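*Asks:* coordinates only, no sequence provided:
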């Protein structure tokens with residue numbers, strides 16, 4: 001969902017190499033060009049050749065960075081997962097799991113909302129089912145990576161594994177739903193709310209729902 005950030009992993013503490021900076025520049029150029037074309041021409045109507053020509057790269061160069069047009073669109077989901085994972089890992093070790101969950105949603109939602117291309121990408125996803133399907137093709141991969149980040153903060157038992165998986169799903173889903181609600185409000189007469197307000201509303205709603213008393217269990221038939 002998010003605009004892609006750098007996916008090149010360097011040795012911790014080392015500056016990115018010249019080659020990796022060049023590769024990231026080309027990748028970002030292709031991505032930016034593609035999203036502009038998807039918004040102007042349409043996702044379904046835009047071809048790999050259109051993207052390569054507009055980005056000033058060869059078709060062969062395009063395929064060095066992306067396997068297809070769909071893979072390019074899915075790159076946003078991978079970046080989204082990387083941001084969630086980084087936010088989880090950056091939280092202090094003494095934070096509760098709930099604090100980590102809430103901080104991650106807030107940080108990633110705020111960063112996404114502040115990015116100049118987020119609205120354009122969300123508009124593309126809202127308009128073109130094929131674009132949404134392409135992005136969701138990496139869903140399982142993102143879920144697994146976010147769950148691993150939570151697992152590093154829990155333990156290795158069966159229940160810990162379930163906790164990490166549930167937190168991963170909640171974090172990814174609450175962030176995405178909050179951003180979608182925030183985006184959709186931009187078309188209302190009242191205008192788009194602040195992303196911080198959207199996050200607060202999302203958690204207030206979630207806490208209200210989880211605070212409800214459980215319905216009485218149905219009686220067993222005799």
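*Replies:* Thanks, I have the structure now. Note that the structure is a prediction, hence the values are computed from the model and not measured.

*Asks:* now the helices for this structure?
*Replies:* Along the chain, counting by DSSP state H, helices occupy 18-40, 48-55, 59-65, 69-90, 97-114, 118-127, 129-136, 139-151, 158-184, 195-211.

*Asks:* kindly reformat those as CSV containing mean neighbour count and mean pLDDT.
*Replies:* C-beta coordinates here come from the backbone N, C-alpha and C atoms, glycine included. Converted to CSV, the helices of the chain look like this (neighbours: other CB atoms under 10 Å; pLDDT from 0 to 100):
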stretch, mean neighbour count, mean pLDDT
helix 18-40, 17, 92
helix 48-55, 17, 97
helix 59-65, 14, 95
helix 69-90, 21, 93
helix 97-114, 19, 95
helix 118-127, 18, 92
helix 129-136, 16, 95
helix 139-151, 18, 94
helix 158-184, 18, 92
helix 195-211, 14, 91
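
*Asks:* show me the contact partners of stretch 184-204.
*Replies:* Stretch 184-204 has contacts (CB atoms under 8 Å, 6 or more residues apart in numbering) with 102, 105-106, 109-110, 113-114, 119, 174, 177-179, 181-183.

*Asks:* from residue 49, how far out is the residue nearest in space to the middle of the chain?
*Replies:* Nearest to the geometric centre of the chain sits residue 80, at 2.7 Å (CA atoms, centre = their mean). Using CB to CB, to the nearest Å, residue 80 is found at 27 Å from residue 49.

*Asks:* with residue 141 instead?
*Replies:* 28 Å.

*Asks:* likewise residue 173?
*Replies:* The value you get for residue 173 to residue 49, if CB to CB is used, is 36 Å.

*Asks:* thinking the residue nearest to the centre of the chain is in contact with residue 143, fair?
*Replies:* No. Under the criterion of CB atoms under 8 Å, residue 80 makes no contact with residue 143, lying 11.2 Å away.

*Asks:* I'm done for today, thanks for sticking with me.
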